[in-house]
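> Got a predicted structure plus its sequence, pasted below:
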Amino acid sequence: MHFISPVLWQFLVNWLTHFALFPPEASSIAPHADALYFFLVAISLVGLVLVLALVAGFSFLYRKERNPEATQIEGSTLLEATWTIIPLALFMVAFVWGALLYFRIYNPPTNAMNIYVVGKQWMWKAEHPGGQHEINSLHIPLGRPVQLTMISQDVFHSFSIPAFRVKREVIPGRYTTVWFEATQEGTYHLFCTQYCGTLHSQMIGTITVMKPADYEAWTEGSTSGMSLAQNGERLYASLGCNACHSGSATARGPNLAEVYMTKVQMSNGSYSTVDDAFLRDSILNPTMHQMAGYAPIMPTYQGQISEEGLIDLVEYIKKLNSNYRIQQTLNTTQVQSSVQSPAPSTQGRAQQAAQTAPGMVKP
Amino acid sequence: MSTIVSLPDQTTATLPKRSYLNDGYGLKSWLLTGDHKRIAILYLISITFFFFIGGFFAGMVRLELLTPPTDLMAADTYNKMFTMHGIVMVFLFLVPSVPATIGNFVLPIMVGAKDLAFPKINLLSWYLYVVGGVMTLAALILGGVDTGWTFTTPLSTHYLNTHVVTAGLAVFVAGFSSIFTGLNFIVTVHRMRAPGMTWFRLPLFVWSHYAASVLMVLGTPVLAITLVLVVLERVIGIGVFDPAKGGDPLLFQHLFWFYSHPAVYIMILPGMGVISEVISTFSRKRVFGYTAVAFSSVAIAVFAFFVWAHHMFIMGISNYSALVFSLLTMLVAVPSAIKIFNWSFTLYKGSITFETPMLYAFGFMGLFTIGGLTGVFLGSMGMDIHLTETYFIVAHFHFVMVGGMLMAFLSGVHFWWPKMTGRMYPEGLSKLAALVTFIGFNLTFFPQFILGYLGMPRRYAAYPPEFQVLNVLSTAGATVLGVGYLLPMLYLTWSLKYGKIAGPNPWQATGLEWQIQSPPITSNFEETPVIDYEAYDYEWLANKTRHEVQTVG
């Protein structure tokens, strides 16, 4: 910047930082979003200046005092083609560029760490895999891709971090994801941007970006003692999932060990990938994904497990790589129940467990 | 080819003895009228009433946002304010604004007909509008509604205790008034054109109303059904939008935007028609590339139905559908660009004067260009992620709807005011009003673009303190804008009695409506006109005027 005076330059920088026109660029996506924004602002300015120049220029040149006689002109195919094709071409650039940015924002890298977010009127609950729970705040490490798997417990919400230029609707009954990689330490706004009722404007929070070491310290300092997968394992046993999904060859339900992200065949012959949404749907609405080779006997768990509980279960199944512990648990409960006899009903056992398991909806 | 047109001598002009205004007296002659001109006046009065109601809510919203915390009113009250503002302005003002008032008044005259095809349906349309309006007021008086004008499920169906059903049914009823207006226009344009009035002799105002009518007739029923589903879901829990019952909450948004995106073209297309007339008249020149402008209206109407999911880019629709909808959104922007450039080139080699309608039309062109181009930001998928649901989108649609449509509406009201009432509005005061409106508008809404990029979410009763400066600017602008809207209300009322007599054709315009007396007689024409000249044929008008001068003199 040698060609303008340093004082002017400093003034300019000062003005730009104090009278902000842009939020901070705090993620790896932000510079890409801003680049597209500058392009769009540029073509808008050109378009606007052109229109203003035409209107002002012609108004001056052909005002009645100067040009008392109008000359009738039918039109000009050449001119009209020009102002059809040039805007179209510019809009196409905006389309392609926008599409590339969209895929960059919504396709997470494979090494992203996963955090779950549950939105409800009017708060954000974040659940880290290690069992850290936060409300209206989210701590994340610097320089590491983070993917959020989000769901709403009630109405539509929208998870927006302007400093990261990312946003995604949080929808009831369906997982949505968003990812980002923070590039600047600091705290940033978290907004709910989808109108969600009375305290919509209070459904805000802070994103705290920390150095990886600080993040580790924070993680260790704020764990609840049980990881999500451990919670999930408890739920798995107390809801009696293990009775059918035991992994043994004669089991009534499919083996769930290492099933995550594999392709499975459905009873109608098609194939589906077992992702988070697939697992969640299968628990709440088992007939939606009927796997080939199994009878449609699984009952629905709709209304029995909270969104947090579902996240625990999904996280558990995701990390499940052997059925050893399931079978251990099964054997223990069988031994216990035979010891405890005369035979308490399965129903009674589930209810007993319900009082202790955190992810279940209390009756 | 050149034409010299001079304004007629207004000092000798007199009000005609017989006109649609004195064809019958008393309230009954107005409330049971079949005359499209009287119905237009009824509409004009009622939409002005609702405009000021909606404007009051806008004022309250801006006043609350003067300071960061929720201090003027409770959060719930604020939510009701912006909801009522949206519902009243969109459904009770913008949708009927130009078509039901100006369109109703001049469209039949422009095609050379005595009335619309179905005068009684036209009157029914106004009554439905009034019923819808009264129901909205009822919902308001009973305690208001706070769904946002979008009625988003499951918030509206399961989580709110306000008068959603009343408001929903009000919009349902008002929707039919819009369907009937559209139906009437389509049939009139097809079946009632005067001899010699071919499709390509129609003024562009008629083309754009025709395109908007097609949207009204095809789009509005979808909104009606969607609102019925919301009401049924709320009242008896049918579960179409409820994930717990196997429904899909996103389905509501698809259905709602399937109407509500075309609806913005229902609102803007008639305004574009006004601009075509005004620019041509005050440049004394045929609209540059008539065919291109006519077909661009049709193109907008066709594309309008295939872009709705661009409201849902962040809602987890598939990548492929996002791509298709983004592409189509870019295509729908092109016809608007064509129109803007064609209007600009209409000025080229014209003989331009700057009366109030022309000033409003210039305002329209500038503000609509900004509104349209910022629409491209939002149509560009990746950019939309950051901008949607923020003040950027608020600024964008206010530039299109208020900067574009309201400017066009005011332009049209001033332009056809002499035809409607037989009297002129005060020129100096109205130029001032146009200027005040333009300045107030920019001050109100331009800061909101910046707020939006900074990330301030829409529909927030409270906001972080760093956004205050821009919000204060915006509220200050809204005050100026309010003055700009009150002025025409006052001086137009004044002009009804004290305005100068206009004479049949004060602007020396070529449209058929300007070749008859002002205000027109009930049947518009003494005898059915035969059209033997093109639209915007100023040569023809000059010859006709010369001929009349010769015969009289």
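Perfect, thanks for sending it.
> Give me the spatial nearest neighbour of the residue of the stretch 201-350 of chain A found nearest chain B, chain neighbours excluded.
Going by Cβ to the nearest Cβ, chain B is nearest to A:Ser201 of the stretch 201-350 of chain A, at 3.9 Å. (C-beta placed from N, C-alpha, C; glycine too.) With sequence-adjacent residues excluded and distances taken as Cβ to Cβ, 6 or more residues apart in numbering or on different chains, A:Ser201 is closest to B:Tyr460, at 3.9 Å.
> Next: A:His32.
In space, A:His32 is closest to A:Leu101, 5.7 Å off (Cβ to Cβ, 6+ apart).
> Skip ahead from the strand or helix carrying the one you found and say which helix or strand is next.
Per DSSP states H and E, A:Leu101 falls inside helix A:77-106. Per DSSP H and E, the first helix or strand lying C-terminal to helix A:77-106 is strand A:113-120.
> pLDDT weak spots in chain B?
Along chain B, segments meeting pLDDT under 70 span B:1-12, B:549-553.
> What is the neighbour count of the closest residue to chain A within the stretch 51-200 of chain B?
Residue of the stretch 51-200 of chain B nearest chain A, by Cβ to the nearest Cβ: B:Leu155 (4.2 Å). B:Leu155 is flanked by 25 other residues according to other Cβ atoms under 10 Å in any protein chain shown.
> Tell me the pLDDT of the closest residue in space to it that isn't next to it in sequence.
Nearest non-adjacent residue to B:Leu155, counting by Cβ to Cβ, 6+ apart: A:Val155, 4.2 Å away. At A:Val155, the pLDDT value in this model is 92.
> Is it correct that A:Val155 falls within a helix?
No - in this structure, A:Val155 is coil, not part of a helix, as judged by DSSP: H, G, I helix; E, B strand; the rest coil.
> That one contacts B:Thr157, doesn't it?
No - the pair A:Val155 / B:Thr157 is not scored as a contact, 9.6 Å apart, by Cβ atoms under 8 Å.
> Please enumerate the helices of the stretch 151-300 of chain A.
Under the criterion DSSP state H, counting those that start in this stretch, helices of the stretch 151-300 of chain A are mapped to A:212-221, A:228-238, A:241-244, A:276-284.
> In terms of residue numbering, what are the domains of chain A?
By the assignment in automatic domain parsing, chain A contains the domains A:23-67+A:75-225, A:228-354.
> Now the weakest link among the ones you listed, please, by mean pLDDT.
domain A:228-354 (a mean of 80).
> B:Val222 and B:Phe258, how far apart?
Distance, B:Val222 to B:Phe258, using Cβ to Cβ, to the nearest Å: 5 Å.
> which residues of the chain fall in strands?
You didn't pick a chain, so chain A it is. A:70-71, A:113-120, A:123-127, A:133-135, A:137-141, A:146-152, A:157-161, A:166-170, A:176-180, A:186-192, A:205-210, A:263-265, A:271-273 (DSSP state E).
> meant chain B, my bad for not saying
Counting by DSSP E, the strands of chain B are B:2-3.
> which of the residues in the top helix by length along it are buried?
As assigned by DSSP state H, the longest helix anywhere in chain B is helix B:249-283. Neighbour counts over helix B:249-283 (16 or more other Cβ atoms under 10 Å in any protein chain shown) mark B:249-250, B:252-283 as buried.
> again, but for stretch A:264-272
Under 16+ other Cβ under 10 Å, the buried positions of stretch A:264-272 are A:Val264.
> Single out the most deeply packed of the domains of chain A.
Each of the domains of chain A was scored by mean neighbour count; the highest is domain A:23-67+A:75-225, a mean of 19, by mean count of other Cβ atoms under 10 Å in any protein chain shown.
> Distance from that domain to the middle of the chain?
12 Å (Cα atoms, centre = their mean, to the nearest Å).
> Might you enumerate the residues of the stretch 451-553 of chain B proximal to chain A?
Within the stretch 451-553 of chain B, the residues that sit near chain A (Cβ under 8 Å from any Cβ of the partner chain) are B:453-455, B:457-464, B:466, B:469, B:538-539.
> Filter the residues you listed down to just the ones in helices.
B:453-454, B:469, B:538-539.
> Which of the residues you listed sits closest to chain A?
Among these, and counting by Cβ to the nearest Cβ, the member closest to chain A is B:Leu454, at 5.2 Å.
> what residues are up against the closest one?
B:Leu454 sits next to A:20-23, A:162, B:466-467, B:470 when contact means Cβ atoms under 8 Å, 6 or more residues apart in numbering or on different chains.
> please redo it, this time with the cut-off set to 7 Å
Applying Cβ atoms under 7 Å, 6 or more residues apart in numbering or on different chains, we find B:Leu454 in contact with A:20, A:23, A:162, B:467.
> still on that earlier bit, return the distance of the longest helix of chain B from the chain's centre.
8 Å.
> just checking, what's the longest helix in chain A?
Under DSSP H, chain A gives helix A:30-61 as its longest helix.
> can you give me the helices in the stretch 251-400 of chain B?
B:290-304, B:319-346, B:356-379, B:381-387, B:391-398.
> Could I get the contacting residues of residue 280?
All of this refers to chain A. So A:Arg280 contacts A:175, A:310, A:314 (Cβ under 7 Å, 6+ apart).
> meant chain B, my bad for not saying
Taking Cβ under 7 Å, 6+ apart, we find B:Ser280 in contact with B:286-287, B:346, B:536.
> Show me which residues of the stretch 151-300 of chain B sit near chain A.
B:152, B:154-155, B:159-160, B:243-244, B:249-250, B:283-286, B:288-290, B:292 (Cβ under 7 Å from any Cβ of the partner chain).
> Please list only the buried members of these.
Buried members of these, counted by 16+ other Cβ under 10 Å: B:152, B:154-155, B:160, B:243, B:249-250, B:283-286, B:288-290, B:292.
> Which members of the residues you listed define the maximum pairwise distance?
The most widely separated members of these are B:Pro243 and B:Arg284, with 61.2 Å between them, by Cβ to Cβ.
> The residue of the stretch 401-550 of chain B found nearest chain A - how many residues pack around it?
Using Cβ to the nearest Cβ, the single residue of the stretch 401-550 of chain B nearest to chain A is B:Gly455, 2.4 Å away. Using other Cβ under 10 Å, B:Gly455 has 27 other residues around it.
> just checking, it touches A:Pro23?
Yes - judged on Cβ atoms under 7 Å, B:Gly455 makes contact with A:Pro23 at a distance of 5.2 Å.
> between these two, what contacts are shared?
In contact with both B:Gly455 and A:Pro23: A:Pro162, using Cβ under 7 Å, 6+ apart.
> ok so, going back, and the gap between the residue of the stretch 51-200 of chain B closest to chain A and B:Val214?
The gap separating B:Leu155 from B:Val214 is 32 Å, by Cβ to Cβ.
> same check, this time on B:Leu107
Remark: distance between B:Leu107 and B:Val214 (Cβ to Cβ) = 14 Å.
> More neighbours: these two, which one.
When B:Leu107 and B:Val214 are compared for neighbours, B:Leu107 comes out ahead with 29 against 22, by other Cβ under 10 Å.
> Surely the more buried one and B:Val187 touch.
No - applying Cβ under 7 Å as the test, B:Leu107 and B:Val187 come out as separate, 11.6 Å apart.
> coming back round to it: run through the neighbouring helices and strands of the helix holding A:Leu101.
helix A:30-61, helix B:319-346, helix B:381-387 (3 or more Cβ pairs under 7 Å, 6 or more residues apart in numbering or on different chains; DSSP states H and E).
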